[in-house]
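Asker: give the three-dimensional model of this entry:
(one chain, ligands or ions: 2)
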Amino acid sequence: MMVKICCLGAGYVGGPTMAVIALKCPDIQVVVVDITKSRIDAWNSDTLPIYEPGLDDVVKQCRGRNLFFSNDIEKHVCDADIIFVSVNTPTKTRGLGAGKAADLTYWESAARMIADVAKSDKIVVEKSTVPVKTAEAIEKILTHNSNGINFQILSNPEFLAEGTAIQDLFNPDRVLIGGRETPEGQKAVQTLKAVYAHWVPEDQILTTNLWSAELSKLAANAFLAQRISSVNAMSALCEATGANVSEVSYAVGKDSRIGPKFLNASVGFGGSCFQKDILNLVYICECNGLPEVANYWKQVIKINDYQKSRFVNRVVSSMFNTVANKKIAVLGFAFKKDTGDTRETPAIDVCKGLLGDKAKISIYDPQVTEDQIQRDLAMNKFDWDHPVHLQPMSPTTTKQVSVTWDPYEAAKDAHGICILTEWDEFKKLDYQRIYESMQKPAFVFDGRNVVDSEKLREIGFIVYSIGKPLDAWLKDMPAVA
Ligand SMILES: NC(=O)c1ccc[n+]([C@@H]2O[C@H](COP(=O)([O-])OP(=O)(O)OC[C@H]3O[C@@H](n4cnc5c(N)ncnc54)[C@H](O)[C@@H]3O)[C@@H](O)[C@H]2O)c1
Ligand SMILES: O=c1ccn([C@@H]2O[C@H](COP(=O)(O)OP(=O)(O)O[C@H]3O[C@H](CO)[C@@H](O)[C@H](O)[C@H]3O)[C@@H](O)[C@H]2O)c(=O)[nH]1
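Answerer: Residues are numbered from 1 along each chain as shown. Ligands and ions are numbered 1, 2, ... in the order given. Below is the predicted model:
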């Protein structure tokens, strides 16, 4: 009999992961469901709800064959053998643990619904990133409402990065499956392992207990984010001493124990996961009576906030300590290249900082719409991580912000340019043309170290690049965070 998979949550994780499972496992039927109707409609249309290189192609190959997107949640949950849960796990904004703890509202309601509608035994897979010990809570909800049905909970955290999701899913460094150490638990682990074994070499499928799998996900993100905060902390010291952060990263990364990847200094890390998951980790440490460990990881976020405000201060202090009514062009708004995702993008904090100093901002990003940018700038911290139809409606638009689809128009008459996403196209812009259209002195603040600063200086720009030796102009301008 054909194995049936149902996935709750058709987002950045649920959509691409299920599409790849469907592609690699023609013998399995995969249905992705969501409580947001517009999301499902988009997955069934020619314009998918998320931009991810290679995704269109995968979806085209299997949609209607063994991959389906549906609003009929209960029917497909009822029919499935394996249910992946990939719903939002936002940071709590109210009550106990506000600002740190994970809000499991969506997870809990998904679990209760599964218990309600299930008529046969199910394997329930945690795909969302959740606090350690969540499986225990979910297990209790399911078994206390089970009508005699047997549920096995597995933890199978997702490690894909946006912008490279399809590649990451095709060739994962590892797949991690945690389960109960009982015969039934181990049988469930083997069932899920057999799904991945369609394309992932067996020695890369790691099996652990539930708590190790849950914690490994939080730990991996904390380690990754910590590398960025470490190199960003160095970037401040490089600027103060005349060292060049790219040379330092390269030299440090040559040590095979450290390795060369993920050591690019930037205006700060963004994305839906790093900050949220570290806050979650910090909260778990605090709840377990480990304040020293909690403070250690909190520092990764503090340095990230410092890096963003340091960047804003550089911009303002270089421009005679005021940007009031000056046009500033922002190139790039997404949290990294090759995605249209803006969740926790450093561009939000940088734009808010510049707006705080009364700048006029003109934004260009090849994948982000005006509507999205206006919503991001109006939204409260953490409000983005809820299903679209439950987010606050009609926020006010910021008149000081304009959005254009043309980088040259964004830069026209501007006093300065801030590069906030490392889109490849920013390397190839006609900076001579841009320079001629700008106010003088013309500044470039490169938050991603993508431009050739020497070439830009030859054109006449004053250039600031994160962690690079400073222009004489900038040296004289104190910039403390
Ligand atoms: N974005 C990433 O790169 C990434 C990578 C690894 C893990 N994660 C984790 O995966 C989870 C999902 O992240 P995402 O980026 O896909 O979020 P997302 O917001 O893109 O998608 C979540 C989807 O779940 C839907 N949903 C909420 N409650 C539901 C319910 N009860 N039933 C059915 N659908 C429901 C929402 O409408 C939404 O479409 C989070 O826990 C996140 O931390 C994300
Ligand atoms: O050297 C680097 C590498 C990344 N970044 C920034 O860090 C953020 C996160 O980038 P990345 O990790 O590539 O993207 P995500 O999609 O957020 O993926 C992370 O978060 C996911 C969600 O948990 C995990 O699954 C992935 O393994 C983990 O890499 C972005 O703003 C990047 O610009 C840097 O500033 N310097």
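Asker: secondary structure class for the residue nearest in space to the middle of the chain?
Answerer: For the chain, the residue nearest the mean C-alpha position is Gly271 (2.8 Å; CA atoms, centre = their mean). Here Gly271 is coil, with the state taken from DSSP: H, G, I helix; E, B strand; the rest coil.
Asker: what number of residues lie near the closest residue in space to it that isn't next to it in sequence?
Answerer: Among residues not flanking Gly271 along the chain, Phe335 sits closest, at 4.7 Å (CB to CB, 6 or more residues apart in numbering). The way it works is simple: take the backbone N, C-alpha and C, and place the C-beta from them, glycine included. Using other CB atoms under 10 Å, Phe335 has 25 other residues around it.
Asker: isn't Phe335 right up against Val350?
Answerer: No. The criterion here is CB atoms under 8 Å, and Phe335 misses it with Val350 at 11.8 Å.
Asker: before we move on, the earlier item: so the residue nearest to Gly271 belongs to a strand, correct?
Answerer: No. With three-state DSSP as the criterion, Phe335 is assigned coil and is not in a strand.
Asker: around Val132, how many other residues sit close by?
Answerer: With other CB under 10 Å as criterion, Val132 counts 21.
Asker: Ile301 too?
Answerer: Other residues close to Ile301 by other CB under 10 Å number 18.
Asker: gap between the strand or helix carrying it and the chain center?
Answerer: According to DSSP states H and E, Ile301 maps onto helix 291-318. Mean-position distance between helix 291-318 and its chain equals 18 Å (CA atoms, centre = their mean, to the nearest Å).
Asker: mean confidence score for that helix?
Answerer: Mean pLDDT, helix 291-318: 97.
Asker: please save the CA atoms from the helix or strand following that helix in PDB.
Answerer: The element immediately downstream of helix 291-318 (helix or strand, assigned by DSSP H and E) is strand 327-331. Taking C-alpha atoms only, strand 327-331 is exported to PDB below (Å, rounded to 0.1, in the frame of the first residue of the first chain):
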ATOM      1  CA  LYS A 327      17.600  60.900   0.700                       C
ATOM      2  CA  ILE A 328      19.300  57.600   1.500                       C
ATOM      3  CA  ALA A 329      19.100  54.800  -1.000                       C
ATOM      4  CA  VAL A 330      18.800  51.300   0.400                       C
ATOM      5  CA  LEU A 331      19.900  48.500  -1.900                       C
END
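Asker: what's the angle from the helix or strand just after strand 327-331 to strand 327-331?
Answerer: With elements assigned by DSSP H and E, the helix or strand that comes after strand 327-331 is helix 346-356. Put simply, helix 346-356 runs at 180 degrees to strand 327-331, going by axes from the mean of the first three to the mean of the last three CA atoms, to 10 degrees.
Asker: name every strand pairing with the following helix or strand past helix 346-356 and say which way it goes.
Answerer: Helices and strands here follow DSSP H and E; after helix 346-356, the next one along the chain is strand 360-364. Its sheet considered, strand 360-364 pairs with strand 327-331 (parallel), strand 401-404 (parallel) by DSSP bridges.
Asker: buried ones in strand 360-364?
Answerer: Lys360, Ile361, Ser362, Ile363, Tyr364 (16 or more other CB atoms under 10 Å).
Asker: which of these sits closest to ligand 1?
Answerer: Ile363 (22.5 Å; CB to the nearest ligand atom).
Asker: skip the chain neighbours and tell me the closest residue to the closest one.
Answerer: Among residues not flanking Ile363 along the chain, Val330 sits closest, at 4.4 Å (CB to CB, 6+ apart).
Asker: just give the number of residues close to that neighbour.
Answerer: Residues near Val330, counting by other CB under 10 Å, number 28.
Asker: contact partners for it?
Answerer: Ala347, Val350, Cys351, Ile361, Ser362, Ile363, Tyr364, Ala410, Ile417, Cys418, Leu420 (CB atoms under 8 Å, 6 or more residues apart in numbering).
Asker: so what's the residue nearest to Gln299 when sequence neighbours are not counted up against?
Answerer: With sequence-adjacent residues excluded and distances taken as CB to CB, 6+ apart, Gln299 is closest to Ser229, at 7.5 Å. Each residue near Ser229 by CB under 8 Å, 6+ apart is listed here: Phe269, Gln299, Val300, Ile301, Ile303, Asn304, Gln307.
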